[in-house]
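> just to be clear, the model below is a prediction. Sequence and coordinates:
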Amino acid sequence: MKTLIFKSSISLLGAGGVAGGGLLISKYLNWKNVETRLKEDKYELLTNDQTNDDKWAEILKNYKTVTQKHNNLAFSGFIGDEDDAKSMLQKHCKVALISYDENDYKKAAKWCVVPVSATDLLEKRGFKALKTGSDSSADNERWTDKVKKHKSESNEALKFDGITLTSGKDQAIEQDLQNLKAKCDGIKDKKSHEEGFDDFVKQYEAWCSYK
């Protein structure tokens, strides 16, 4: 598939000129397949070994519910409750891993990797979770900074829904810190195959961790 795309880009070189064709060729040469991207993003591929049967079952349980709401995350023709659902999913994963398609990456990251929590994934990426327990006072300066940034954040999709913070953008009282910590605690253990995981990772990175 990648070879065909590359050949097409070569033909465009003659039709569209050296500059435009060269940029197109460069774009495709820089593509990486799904398996490579997942590993670079610190996911661990889930193998078909029998010791992973429980993990496949856990993923399939979520597959059926999540894809009912988000059809873009479903593999074509696969519902998830077939008699041979596990082997079917494994076959879909095998195909997705050699793909260069962005949609296949999103599906594979959800259904073809070892289930991982938001905190563990970010830790693999070099982030450290801010403390939320009784010893969290050591991170109070960072929590204060996070609260202020959350108040001034213009990207509503990145902010926590339903969080209660005081109105002053330049202040962060103790209750603000506690409310933000509670939100972080609520998503830290969310797993990769659960609904909304991508958003949870972005939120945890922005408001609950540091690098």
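Nice, I can see it.
> can you pull the pLDDT of Glu44?
At Glu44, the pLDDT value in this model is 99.
> I figured it hits Val114, correct?
Yes. The criterion here is Cβ atoms under 8 Å, and Glu44 meets it with Val114 at 4.3 Å. C-beta: built from backbone N, CA, C; applies to glycine.
> show me where this structure has helices.
2-16, 18-29, 34-40, 53-69, 85-97, 102-111, 118-124, 140-152, 174-187, 197-207 (DSSP state H).
> which parts of the longest one are buried?
Which is helix 53-69. Lys55, Trp56, Ile59, Leu60, Asn62, Tyr63, Val66, Thr67 (16 or more other Cβ atoms under 10 Å).
> how about these, which pair is most distant?
Farthest apart among those by Cβ to Cβ are Lys55 and Thr67. That separation is 17.9 Å.
> now render the buried residues of helix 53-69 as CSV, adding distance to Trp31 and pLDDT.
Formatted as CSV, the buried residues of helix 53-69 follow (distance: Cβ to Cβ, whole Å; pLDDT from 0 to 100):
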residue, distance to Trp31, pLDDT
Lys55, 29, 98
Trp56, 29, 98
Ile59, 27, 99
Leu60, 30, 98
Asn62, 29, 98
Tyr63, 27, 98
Val66, 27, 98
Thr67, 26, 98
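> closest to Lys159 among those?
Nearest to Lys159 among these, with distances taken as Cβ to Cβ, is Val66, at 22.9 Å.
> thanks again, I'm all set now.
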